[in-house]
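Participant: using only what follows, build the 3D model:
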Amino acid sequence: MKRENFQSRLGFLLVSAGCAIGIGNVWKFPYVTGQNGGGVFVLCYLLCLLVMGVPVLTMELAVGRASRRSAVQAYYKLEKPGSKWHIHGWFCVLGCYILMIYYTTVSGWMLGYFVKFATGTFSGLENTAIDEVFNAMLANPGELTMWMGLTVIVGFLVCSFGLQKGLERITKVMMLGLLTLIVLLAVHSFTLEGAMEGVKFYLLPDFARAAEVGYGQVIMAAMNQAFFTLSVGIASMEVLGSYMAKDFTLTGEAVRICSLDTFVALMAGLIIFPACFSFGVKPDSGPPLIFQTLPKVFANVAGGRLWGTLFFLFMTFASFSTVIAVFEGLQANLIDNFGWSRKKASLFNGVFVLLASMPCVLGFNLWSGLTFPGGRNVLDFEDFLVSNLLLPLGSLVYLLFCVSKWGWGFDNYLAETNTGTGMQMPRWIKPYVQFVLPVLIFVILFQGLLPG
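Facilitator: Predicted structure coming up:
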């Protein structure tokens, strides 16, 4: 079967950025920045993205583009005879499934809040009542199932139309809408009274404040965020790489994907921090920031219903762009490994992900007593498996495969990365990616597995 290709370079960049841009950018990045002192953290994050994120992203893309196949078959094609690197490909498939059986629930929350703001649910509510909207949604298994189910069904429906007519076409529209919305929302935040205090906290490095948190903690948090924001390690980017043309170098494309990803994360902060300072809200209030803190801000601002609707439309686009990009990876693996048609793969995956997502949905209500090691609920445990184990471990495997003589080898990786026009990956980087970068990734893996 002939391999599909992206229709355009813009399509590839927007789909890849859409895969990387997700809830981590617009939910996690602002509150982690708040918890780690603001500007110094942002500075460290940008540096870590450059020295860790870009090289690892080029490796996953290189494996995909060189093989023209999805995770398992890519290793089969590039590994030396008799070696077992392809086993990791099956862990990548597992990782994508685990990611989607909780990510679709959270994506459903975004969709639910978009509808609630659009229909005026929050209009005239007191602060305690705003908190209760989120609690009531979590307590209602029927409502959560509806939003999650809608996300899954529409997601696989998009993917069933193919790469160009489905994923690429829809993601282009969503990403252009997302980028427009985020600029609009940031400009609005700047008009709020006291907004500049929030901007200063966010972007001006304050080393005294960072020292209070601890420089080690700030650097480690920046490494973690820079690493996880790109969704590398479970082959979702590798599959997108397998659809790429060879016209442009992978270093240049990786830098563009990172730039788009970072732009959205930074702009999310420019929406949230001015609003927090304007209304006296703590910017380090953690995960509730999006669903409980910000709705209170929107409820107290002129035109709040409109701005809340636009914000959660933006959040829906951000999360759904990741959902359909990872769904495409799941499709490709069934098509490549078992020779299935795209329609058959869509039907199987749709039913499987719907059923497998139910424990996460029920973990907030009917199964709320179910806990895993560390007192985690179902969603937290599934997130722990992906974020703390499969992503860093998978990235380490891709790295070793690309730079060691037992794998594909550095020369093959470098040749593929530098094929095409654009920014070249220098050969002098070899000692860094062979000896330093594996240690940095191992530190992230080790730190992520330590008891919280």
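
Participant: which residues does the least confident helix or strand in the chain by mean pLDDT contact?
Facilitator: None of the helices or strands of the chain scores lower by mean pLDDT, DSSP states H and E than helix 288, at a mean of 70. Helix 288 is touched from outside by Phe134, with contacts defined as C-beta atoms under 8 Å, 6 or more residues apart in numbering. (Glycine included, C-beta is placed from N, CA and C.)

Participant: go with 10 Å
Facilitator: By C-beta atoms under 10 Å, 6 or more residues apart in numbering, the residues outside helix 288 that reach it are 31, 131, 134, 294.

Participant: just the buried ones from the residues you listed, in ChimeraX syntax?
Facilitator: The following ChimeraX line selects those of the contacts of helix 288 that are buried, judged by 16 or more other C-beta atoms under 10 Å:
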select :31,131,134,294
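
Participant: shaky segments in the protein?
Facilitator: For the chain, residues meeting the criterion pLDDT under 70 lie at 1, 283-287, 452.

Participant: make it 80
Facilitator: 1-2, 23-28, 30-31, 280-289, 292-293, 300, 450-452 (pLDDT under 80).

Participant: for Phe311, see how far away Ser107 is.
Facilitator: To Phe311, Ser107 is 15 Å away according to C-beta to C-beta, to the nearest Å.

Participant: tell me which of those two has more neighbours.
Facilitator: Phe311 (30 against 27; other C-beta atoms under 10 Å).

Participant: from memory the more buried one sits against Ile271, does it?
Facilitator: Yes - under the contact definition of C-beta atoms under 10 Å, Phe311 touches Ile271, with a separation of 7.2 Å.

Participant: for the two, list the residues in contact with both.
Facilitator: Common contact partners of Phe311 and Ile271 (C-beta under 10 Å, 6+ apart): 26, 181-182, 184-185, 188-189, 294.

Participant: ok, so of those, who is nearest Asp411?
Facilitator: Of all the shared contacts of Phe311 and Ile271, Asp411 sits closest to Val26, with 39.2 Å by C-beta to C-beta.

Participant: tell me the SS of that closest one?
Facilitator: helix (DSSP: H, G, I helix; E, B strand; the rest coil).

Participant: show me the contacts for the residue nearest to it when sequence neighbours are not counted.
Facilitator: Sequence neighbours aside, Ala268 is the residue nearest to Val26 in space, at 4.2 Å (criterion: C-beta to C-beta, 6 or more residues apart in numbering). Contact analysis of Ala268 by C-beta under 10 Å, 6+ apart lists 21, 25-30, 33, 182, 185-186, 290, 311, 314-315, 318.

Participant: quick one: which of the contacts of helix 288 sit in helices?
Facilitator: Judged by DSSP state H, the subset of these located in helices is 31, 131, 134, 294.

Participant: after the longest helix seen in the chain, next one along is what?
Facilitator: In the chain, taking DSSP H as the definition, the longest helix is helix 304-338. Of the helices and strands lying after helix 304-338 in sequence (DSSP states H and E), the nearest is helix 342-356.

Participant: which residues touch the following helix or strand past that following helix?
Facilitator: Tracing the chain C-terminally past helix 342-356 and defining elements by DSSP H and E, one meets helix 358-362 next. Taking C-beta under 10 Å, 6+ apart as the criterion, the residues outside helix 358-362 that touch it are 101-106, 108, 138, 140-149, 366-368, 370, 377-383.

Participant: now a PyMOL select for only the buried ones of those.
Facilitator: Here is the PyMOL selection string for the buried members of the contacts of helix 358-362, based on 16+ other C-beta under 10 Å:
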select buried, resi 101+102+103+104+105+106+108+138+141+143+144+145+147+148+149+367+377+378+379+380+381+382+383
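
Participant: sweet, I'm off.
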